[in-house]
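Participant: Dropping the sequence and predicted coords here.
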Amino acid sequence: MTDYAPLTLHVPEPAVRPGGTPDFSSVGVPRAGSVARPEVNADPESIRDLAYSIIRVLNRDGKAIGPWGGLLSDEELLEGLRHMMILRTFDARMLMAQRQGKTSFYMQHMGEEAVSCAFRKALLPGDMNFPTYRQAGLLIAAGYSLGDMMCQIYSNERDPLKGRQMPVLYSSKEDGFFSLSGNLATQYIQAVGWAMASAIKNDTKIAAAWIGDGATAESDFHAALVFASTYKAPVVLNIVNNQWAISTFQGIARGGSGTFAARGLGFGIPALRVDGNDYLAVHAVAKWAAERARRNLGPTLIEYVTYRVGAHSTSDDPSAYRPKTESDAWPLGDPVIRLKNHLITIGAWSDERHKQAEAEVLDTVITAQKEAESHGTLHAGGKPSVRDMFEDVYAEMPPHLRWQRQQAGV
Amino acid sequence: MTDYAPLTLHVPEPAVRPGGTPDFSSVGVPRAGSVARPEVNADPESIRDLAYSIIRVLNRDGKAIGPWGGLLSDEELLEGLRHMMILRTFDARMLMAQRQGKTSFYMQHMGEEAVSCAFRKALLPGDMNFPTYRQAGLLIAAGYSLGDMMCQIYSNERDPLKGRQMPVLYSSKEDGFFSLSGNLATQYIQAVGWAMASAIKNDTKIAAAWIGDGATAESDFHAALVFASTYKAPVVLNIVNNQWAISTFQGIARGGSGTFAARGLGFGIPALRVDGNDYLAVHAVAKWAAERARRNLGPTLIEYVTYRVGAHSTSDDPSAYRPKTESDAWPLGDPVIRLKNHLITIGAWSDERHKQAEAEVLDTVITAQKEAESHGTLHAGGKPSVRDMFEDVYAEMPPHLRWQRQQAGV
Amino acid sequence: MPRKTMIEAIRDAMDVMMDRDDNVVVFGEDVGFFGGVFRGTQGLQAKYGKSRCFDTPINESGIVGAAVGMAAYGLRPCVEIQFADYMYPAYDQIVSEAARLRYRSNGQFTCPLVVRMPTGGGISGGQTHSQSPEALFTHVSGLKTVVPSNPSDAKGLLIAAIEDPDPVIFLEPKRLYNGPFDGHHDRPITPWSKHELGEVPNGHYVVPPGKAIVRRQGAALTLLAYGTMVHVGMAAVAETGVDAEIIDLRTLLPLDLETIEASVRKTGRCVIIHEATRTSGFGAELSALVQETCFYHLETPVRRVTGWDTPYPYAQEWDYFPGPARVGRALLETMEQ
Amino acid sequence: MPRKTMIEAIRDAMDVMMDRDDNVVVFGEDVGFFGGVFRGTQGLQAKYGKSRCFDTPINESGIVGAAVGMAAYGLRPCVEIQFADYMYPAYDQIVSEAARLRYRSNGQFTCPLVVRMPTGGGISGGQTHSQSPEALFTHVSGLKTVVPSNPSDAKGLLIAAIEDPDPVIFLEPKRLYNGPFDGHHDRPITPWSKHELGEVPNGHYVVPPGKAIVRRQGAALTLLAYGTMVHVGMAAVAETGVDAEIIDLRTLLPLDLETIEASVRKTGRCVIIHEATRTSGFGAELSALVQETCFYHLETPVRRVTGWDTPYPYAQEWDYFPGPARVGRALLETMEQ
Ligand SMILES: Cc1ncc(C[n+]2csc(CCOP(=O)(O)OP(=O)(O)O)c2C)c(N)n1
Ligand SMILES: Cc1ncc(C[n+]2csc(CCOP(=O)(O)OP(=O)(O)O)c2C)c(N)n1
Ligand SMILES: [Mg+2]
Ligand SMILES: [Mg+2]
């Protein structure tokens, strides 16, 4: 009866699988400095192109060029380099600690260090991040104690979260780092609510929401965009596109859209894409978006184009689903090396000083680690108490929990 | 410490409230015939403008003009007119029946008749709609029995749903009308799943999803767009923008975006806006989208720009939140009158024949109503049995339900 | 004392709290300009402005999710879900987020949030305007769950809920908004203006969560009820003449087990009634608790009278609803055993 | 007979059904190319192609919502939620849609859908990889809820679930994937290859839903358990020497009340154990039912041993988990009473 050919299901597939040759030719990488920098109050509809390009500052020669550069002093850049080095070293040590059984689980940032480290420097005291598990740079760049982070990972007697949370699900109100839940996307809308609260109270604080490429598919992402768009909430909506969601390549979440940033367009929310491995570019875009929020101009959506070099977590083995050498082919390079090279290019740094800094950073991290381990690790030494398990379910313990605690004999 | 002015919360507000003078100047209405008609396989990115315009065929003089016209024969148009007249008359009678206590609740379509009636004619047997409560035109244009609709509304002994569902939550598999749940947006993604199933089975059937402007804010809307975009599902995603969601004007759901159609752009889904009060335009756009689906080109998003002339439901009183005369100011006119005038203009119809048709339609509806009422109304006459209450929870009744039915004494 | 309907009492509670505390904000679908489909927030936007009381997009997850963020900021959001039947999209935010924020952050962040929702049947609402999902909340550690049965309690409990430092699920039996409906759907309803529990004190007062109240003293049997079923229970007791002690639980979690225990130890018999479906309803927990704490005092099995294990039907509503006849039968059977 | 781990048995069930019936499709997060984070679907995409087994975007509501549409079309989707803790976003689709489709359409549309989800604790998973939400499903009319305790049952029950004309929630105690974990977390685990219930017949066979099984005959007490807790119960019985009859419920809804009743009437004592939090857990329903049906046979109160009413903690997991020591104590106390 019908003239139509049978339908078929389209299932997106990454360019290569294990055994194949990595290919990132589909990631169009524009020249550094080539993307214009609009005014923060530009009409969102007039800057739609920004959702389809990539804002970049550092070029191949290590030079900072174009309208998004020039915001940071040498000292600030050196500090940024140090934060990224600390984060990388921290990751390495904690991965090792996990292998040694000192904790059950860890998640690293390799390749994505610039995103959270550079973003954090665009915030002011009182601002609040609603992070995912891959933004520890927000804490490190805020000066949060490495030891406290480790105590959380070890769930020891000094764990600020009393052993209640899995490793890396930090929380630090003081440092503008909201308690991480582990459920994807749920906190994106909370960030919008927090930002709305600031507006309701006529304060000046802003919020930053964080999500991965894969998690943008979650429905709470929509809730967040709807609310942010309607109430013009002072929030920066960050999408860290590191190309993978555990074993699933970004095309499964992205579907037929060109980019993740494009998701903002249907909401009239300015949407930018930025080279996530370029400390300067990340910082510049973050500043721009934060400025919009502070000036009551509403939300901004930022897609950070980066690459998850390591495994999803210590429970994951990426060689099962992507070529082992894929990260070498990643066209945007390594964020630490790129910033290092830039600093050397501008004469503010040298290979020697970098080596020395590496040693110093390692020393700092190891010192913190020793101190943290003196308070216990997951299966050895000091631990949070069983009584702690019953506390903080409510502000005041209700009778049935008191009875249960008693039954537990504690 | 900060130089920034205090933030404030932006809460969108309709142009006018009760007592004010209706103002629809913000609804930019382009000339009929002015919007181009791309090929169905056009690159979605190349036709983004369609999400910001309004496709119209019938002009003020009752002429059908431009590239989206000319698809329907006079007979088909006359049939369409008849469907809309039946729907309007059906609504009027059922509203009255509700006031008479023959049912507890009713929801009418006044002003939106063209949307569902014209859309239905773009479908083929086997296709499936996942409607909301305001698309009874899908049933009427499919030739579903008016009497069965009424028996559902009356929850009488002939109610095809055995009294289990509130009025107007119809279901007719044969007529491509999926069981309505009453929860907003949940069925949008089900339509996508149904369409995926057709593709998985290499069939040729397509699905149509339906949602209101207000309900696009629901998170399942996102789920649907993500899945439709990723798997290029053969589905038409319909948004009926009738300007109101109960008491809430469309700006609350739409936020900072220009249009609802624009929501599709971030997914790479072709998005069109159409004059929802123009039977010819609705049908043409529906055809275009259905053709895309059938040719395995994937989903299309359509925003129908229309106006809810009546109350949200019989439980609602719109005079509390919008000017009483707002509907008179609606710039896209009345769908029945516009099609009638067109048919007169082209010489296929006359005022006289229209009057006669009105009488015939009324007669048809009243006849159906009498027959339906002979099987009972909500509080009088035949009703579904109490035993029916326990059936169909599962295919086979499990022991605990058998026990409960026994306890109920039936 | 002024008499108020239950919805007026609820509105009054929000009014009192918005007046006392700038941090109290109220929002939800149709809640702003219109004042809510049940008019629970009528007048609040006009009085307190659009940034304290406003309409939201139709997204229940967004409503609660945004409220969690606001609560963490320091506000005290009191949000409305239009019908409890529509809370499921928000369930993740309630269970995974609101309920656990204090715990997982070790008290760094807290969530003083109230989620109001009209609940229960009796209004010809069918499957999507009639549900009683309380057991889905009582299973979740970190939540408190409240179900008032009259205007006076409703106001005091809602004020307490708004002042509570933790998330409170506030279930409003919508069939009680206008009067103490006792399940006799074919009789005219007594308005609250003719009922002493319609007397609602002005200004600020608190009905503490976690405290049940004995609505009727009795020696023969303990009847546990909450919300609409309190009134159904009263009717059944009046009609059967069974000398039941009727306990209105008011708060399901934390539960006032002490009051329950004292009564059952005295009467030796217990009937539990609720509108929700039977299996895994809150009645199961009550039955288990009564049995655990009063086993040696029980003369007959603890009995449950509940909605049937079917979706809430539309036309067969009064066959589904556990009305005074069914409750009365259970009372008599329990006495005869 | 070949021995298989529980996850292999589950995969085998899907393999058998995909082979027999073209309408069976399998999808979820990381389910396609990778074969699932627990490898439950490994090899299925390679064998049956990308349109029968595929990766989905991370959207649980989308996964179940799409599956409802597919099921209505005539397919038999068997979908995976990566962890039961992440099912909440899909809860609305499960409760409001899948569970009620047959009912509200008077059988015009049906929903033969299986939602698989790894459940339960014991893997250092903290709040978001350890939950046991079964009671949130048993309260919902229209759903069936299944919890296997071993590879042999898992395969037969999953095949039955896929063949079932109605939606089935299939909860997989993930701590059992590799062996019959009995709560002694400090001891090495026996692999399924060394356990007779690791014997999994080849090909198609069915373990009918709604049928419990007596794992151990006993005269002194009835122990009701499911999933991991079956093995914990076995260990506790072995260690205390209490002659308990251990019933593995296997299906929570529909429940095999007959088997339970017969046992409790015989023993006069009953202990119920589960991992989920206590209040409004499925143990409450079991306790209520046992009490309702066996009141006059009960010599001691029905007792529950469960997870505490806190979020599932990370470091204190073994203080939270109702292990053999706690279960054993309850057995002894029940016998002493
Ligand atoms: C609601 C929910 N569903 C599923 C998961 C399991 N899960 C944890 S991380 C992850 C992948 C996330 O990928 P992406 O968002 O790209 O972040 P990335 O890990 O790449 O930083 C998944 C599926 C979860 N944590 N929460
Ligand atoms: C999940 C859910 N939330 C809330 C409601 C209550 N409700 C019913 S209709 C409606 C307004 C819908 O407006 P819109 O989508 O614009 O459709 P329209 O009525 O205008 O056709 C609301 C809030 C519901 N049915 N389901
Ligand atoms: Mg990712
Ligand atoms: Mg509308």
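Facilitator: Cool, the structure landed. Predicted model, so just to flag it, every value in this text is computed and none were measured. Residues are numbered from 1 along each chain as shown, chains lettered A, B, ... in the order given. Ligands and ions are numbered 1, 2, ... in the order given.

Participant: mind giving me the domain ranges of chain C?
Facilitator: If you go by automatic domain parsing, the domain ranges for chain C are C:6-198, C:213-336.

Participant: In chain A, which residue sits nearest ligand 1?
Facilitator: With Cβ to the nearest ligand atom, the shortest gap between chain A and ligand 1 falls at residue A:212, namely 2.2 Å. For glycine as for every other residue, the C-beta is placed from the backbone atoms N, C-alpha and C.

Participant: Check chain C too.
Facilitator: Using Cβ to the nearest ligand atom, the closest approach of chain C to ligand 1 is made by residue C:92 at 7.7 Å.

Participant: follow-up on the earlier one: quick one: contacts for the closest residue to the residue of chain A closest to ligand 1 other than its chain neighbours?
Facilitator: Once flanking residues are discounted, residue A:212 sits nearest to residue A:240: 5.5 Å by Cβ to Cβ, 6 or more residues apart in numbering or on different chains. Counting by Cβ atoms under 8 Å, 6 or more residues apart in numbering or on different chains, residue A:240 touches A:112, A:115, A:132, A:134-135, A:210-213, A:276, A:304, A:306.

Participant: From chain B, how far out is residue A:76?
Facilitator: Using Cβ to the nearest Cβ, to the nearest Å, residue A:76 is found at 19 Å from chain B.

Participant: number of nearby residues for the residue nearest to residue A:326 when sequence neighbours are not counted?
Facilitator: Here the nearest residue to residue A:326 in space, its sequence neighbours aside, is residue A:22; by Cβ to Cβ, 6+ apart that works out to 4.3 Å. If you count neighbours by other Cβ atoms under 10 Å in any protein chain shown, residue A:22 ends up with 15.

Participant: quick one on the thing from earlier: with pLDDT added, can I get the contacts of residue A:240 in CSV?
Facilitator: CSV is the format used below for these (pLDDT from 0 to 100):
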residue, pLDDT
A:112, 98
A:115, 98
A:132, 98
A:134, 98
A:135, 98
A:210, 98
A:211, 98
A:212, 98
A:213, 98
A:276, 98
A:304, 98
A:306, 98
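
Participant: out of those, which are inside helices?
Facilitator: Residues of these located in helices (DSSP state H): residue A:115.

Participant: Check the contacts of residue A:240 against residue D:9 and report the nearest one.
Facilitator: residue A:212 (32.8 Å; Cβ to Cβ).

Participant: Helices along chain A, start to end?
Facilitator: With helices called from DSSP H, chain A shows them at A:74-99, A:113-120, A:137-141, A:146-154, A:186-200, A:219-231, A:250-254, A:279-294, A:326-329, A:335-345, A:351-373, A:386-390, A:399-407.

Participant: Could you point out which of those sits nearest ligand 3?
Facilitator: helix A:250-254 (6.8 Å; Cβ to the ion).

Participant: and the host helix or strand of residue C:261 with chain D, contact?
Facilitator: Following DSSP states H and E, one finds residue C:261 within helix C:257-267. No - judged by Cβ under 8 Å from any Cβ of the partner chain, helix C:257-267 and chain D are separated, with a smallest distance of 11.0 Å.

Participant: interface residues of the stretch 1-150 of chain A facing ligand 1?
Facilitator: Contact residues (Cβ under 6 Å from any ligand atom) of the stretch 1-150 of chain A with ligand 1: A:132, A:134.

Participant: quick one: contacts for residue A:346?
Facilitator: A:62, A:64, A:74.

Participant: now those in TSV, with neighbour count, distance to residue D:141 and pLDDT?
Facilitator: Converted to TSV, the contacts of residue A:346 look like this (neighbours: other Cβ atoms under 10 Å in any protein chain shown; distance: Cβ to Cβ, whole Å; pLDDT from 0 to 100):
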residue	neighbour count	distance to residue D:141	pLDDT
A:62	16	66	96
A:64	24	64	98
A:74	12	68	98
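
Participant: which one of those is nearest ligand 2?
Facilitator: Using Cβ to the nearest ligand atom, the contacts of residue A:346 come closest to ligand 2 at residue A:64, 49.1 Å.

Participant: Hmm, residue A:71 and that closest one touching each other?
Facilitator: No - at 9.4 Å, residue A:64 does not count as touching residue A:71 under the criterion of Cβ atoms under 8 Å.

Participant: so where is the stretch 1-150 of chain C shaky, pLDDT-wise?
Facilitator: Applying pLDDT under 70 to the stretch 1-150 of chain C picks out no residues at all.

Participant: Tell me the secondary structure of residue C:79, please.
Facilitator: What DSSP: H, G, I helix; E, B strand; the rest coil gives for residue C:79 is strand.

Participant: quick one, what contacts it?
Facilitator: By Cβ under 8 Å, 6+ apart, the contact list for residue C:79 reads C:26-28, C:63-64, C:67, C:113-116.

Participant: Could you report the pLDDT at the nearest residue to residue A:335 once chain neighbours are set aside?
Facilitator: Spatial nearest neighbour of residue A:335, chain neighbours left out: residue A:114 (3.6 Å); criterion: Cβ to Cβ, 6+ apart. Looking at residue A:114, its pLDDT is 98.

Participant: Now do residue A:114: how many residues are near it, please.
Facilitator: Residue A:114, neighbours per other Cβ under 10 Å, totals 34.

Participant: Help me confirm that residue C:32 comes into contact with residue C:54.
Facilitator: Yes - with contacts counted by Cβ under 8 Å, residue C:32 reaches residue C:54, the gap being 4.4 Å.

Participant: Skipping its backbone neighbours, what lies nearest the residue of the stretch 101-250 of chain C found nearest ligand 4 in space?
Facilitator: Residue of the stretch 101-250 of chain C nearest ligand 4, by Cβ to the ion: residue C:128 (17.6 Å). Distances taken as Cβ to Cβ, 6+ apart place residue B:182 nearest to residue C:128, at 3.9 Å, with adjacent residues excluded.

Participant: How much space separates the one you found from residue B:134?
Facilitator: For residue B:182, the distance to residue B:134 equals 12 Å [Cβ to Cβ, to the nearest Å].

Participant: coming back round to it: ok now do the residue nearest to residue C:128, which residues does it touch?
Facilitator: Contacts for residue B:182 (Cβ under 8 Å, 6+ apart) come out as B:133, B:165-166, B:169, C:126-129.

Participant: Most neighbours among the residues you listed, which one?
Facilitator: residue B:165 (30 neighbours).

Participant: if I look at it, how far off is chain D?
Facilitator: 5 Å.

Participant: I figured that residue hits residue B:152, correct?
Facilitator: Yes - with contact defined as Cβ under 8 Å, residue B:165 counts as touching residue B:152 (7.2 Å).

Participant: Quick one: closest of the domains of chain C to residue B:26.
Facilitator: domain C:6-198 (18.3 Å).
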